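> Give the three-dimensional model of this entry:
(one chain, ligands or ions: 1)
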Amino acid sequence: MDRLFHNLIVTGSGDPDALNTNCGDGKEKSILDQAAGGATRPRSSDSGSSYFKDMSGGSSSGYMSLEKTVPGKETMYTYDVIKQSANYLLERTEHRPTIGVICGSGLGGMADLLTDRDVFPYGDIPNFPVSTVTGHAGRMVIGKLSNIPVMCMQGRFHAYEGYPLWKCAMPVRVMKLMGVEKLLITNAAGGLNSSFNVGDIMIIKDHINFQGFAGDSPLRGYNDERFGPRFPAMNNAYDKDLRKRAKAVATEMKLENVIREGTYVMLGGPTYETVAELKMLQIIGVDAVGMSTVQEVIVARHCNMKVFAFSLITNKCITDYETDDMANHEEVIGVANNRKSDLQELARRIVIAMNTDEE
Ligand SMILES: O=P(O)(O)O[C@@H]1C[C@H](O)[C@@H](CO)O1
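Numbering: from 1, shown residues only. Coordinates of the predicted model:
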């Protein structure tokens, strides 16, 4: 910390770059960002030369060691790093998807619907994290769904796996740079609304970004305008028109008795919630509780993708102290597996609806 305060410089709002340093690895960071473990600043052009000022007095090692003293804080991927992942996939598939799908816990079977598939284990894609959770195969599947080119994440990344929120959501930016404009997101969630039953499908109308209340966001740190604005709006994050179309699709499938609509909250996990936590969430209007999705939606909306999302209600949240039941992941996966055929057909029809232009 000595090093940080030694170098702390107060600037006027006209000179934000005065707080940038070269970290010696070709990446520039703000001194404040380094203290907070925040974003790496990309260069303003792709040329190798840096225009950022080196305020570290020529030595970068102090800053690197400062970073090492903050476990779990990594530098955010630049536009060029994301582009590298996108190019890797574009060079290895002939498909050019404009629709992306993210499969929730136990819902990876949706990728089995794709034909003419190119399959990429996350470990093979440059800069990709790896999936560590049961029910998340950890593969990008690119192919056709009812003749529509689609890319499908068979498994996602969660904060509780140890990834920062920006890294959990980085595949969304990869999709964007590959040409994806619309995103179908699915998750498994606990039903908190007392009228919900296990097996219900909740169309997500809105979310409560709990991590955001605490100052964390997948957009925390340097904002690259090539992805989107510094201050993106989040109303209508879950596209009104797509929600309407999905309801029509569900009615066609005679699923109206299990279709719900509501507000999702993402908690950090991996613990399921205490009774007191759930009671609090009920008071603030939460209908379903999960551990994902929100960071993906924020990143997708930031880069102007349209989003549709639904939660499979895999368990009822336990809001009394008397029951001996306990939430568990095996139940989550089991329920997802039982609802597989309806969910796959629903997803297929929603993708067709997403692919149709609005009137
Ligand atoms: O990836 P999702 O949000 O579908 O998975 C949920 C949340 C936890 O990862 C897990 C808990 O059972 O399922």
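
> Could I get the full set of helices for the stretch 151-300 of the chain?
Counting by DSSP state H, counting those that start in this stretch, one finds helices in the stretch 151-300 of the chain at the ranges 165-168, 170-178, 210-213, 240-252, 275-283, 294-302.

> Using PDB, list the CA coordinates for the third one.
Read that as helix 210-213. Only the C-alpha atoms of helix 210-213 are listed here, as PDB (Å, rounded to 0.1, in the frame of the first residue of the first chain):
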ATOM      1  CA  PHE A 210     -27.300  -7.800  -5.600                       C
ATOM      2  CA  GLN A 211     -23.600  -7.700  -6.500                       C
ATOM      3  CA  GLY A 212     -24.200  -4.300  -8.000                       C
ATOM      4  CA  PHE A 213     -25.500  -3.000  -4.600                       C
END
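
> Just say which of the helices of the stretch 151-300 of the chain is most tucked in.
helix 294-302 (a mean of 27; mean count of other Cβ atoms under 10 Å). For glycine as for every other residue, the C-beta is placed from the backbone atoms N, C-alpha and C.

> What's the first helix or strand after it?
Next along the chain after helix 294-302, taking DSSP states H and E as the criterion, comes strand 306-316.

> Any part of that next one near the ligand?
No: residues of strand 306-316 contacting the ligand under Cβ under 6 Å from any ligand atom: none, with a closest distance of 7.2 Å.

> Could you do stretch 200-209 as well?
No: on the criterion Cβ under 6 Å from any ligand atom, stretch 200-209 is out of touch with the ligand, staying 11.6 Å away.

> Just give me the residue right at the centre of this protein.
Taking Cα atoms, centre = their mean, the centroid of the chain lies closest to residue 296, which sits 2.3 Å from it.

> Close to the ligand: what parts of the stretch 1-150 of the chain are there?
Residues of the stretch 1-150 of the chain that fall close to the ligand, judged by Cβ under 6 Å from any ligand atom: 104, 105, 133.

> out of those, who has the most neighbours?
residue 104 (29 neighbours; other Cβ atoms under 10 Å).

> Next, that one: phi, psi?
For residue 104, the backbone dihedrals (degrees, to the nearest 10) come out as phi -80, psi -180.

> Make 17 the first number, not 1, from now on.
Okay, residue one is now 17; in that scheme the one you just asked about reads as residue 120.

> so what's it scoring on pLDDT?
With respect to pLDDT, residue 120 has a value of 91.

> Quick check: beta-bridge partners of the residue nearest to it when sequence neighbours are not counted?
Excluding the flanking residues, the one nearest residue 120 by Cβ to Cβ, 6 or more residues apart in numbering is residue 203, at 3.7 Å. On the basis of DSSP bridges, residue 203 is bridged to residue 327.

> Residue 351 reaches residue 216, doesn't it?
No: between residue 351 and residue 216 there is no contact under Cβ atoms under 8 Å: 10.3 Å.

> Counting neighbours, go ahead and name the busier of those two.
The neighbour comparison of residue 351 against residue 216 (other Cβ under 10 Å) goes to residue 216, with 23 against 19.
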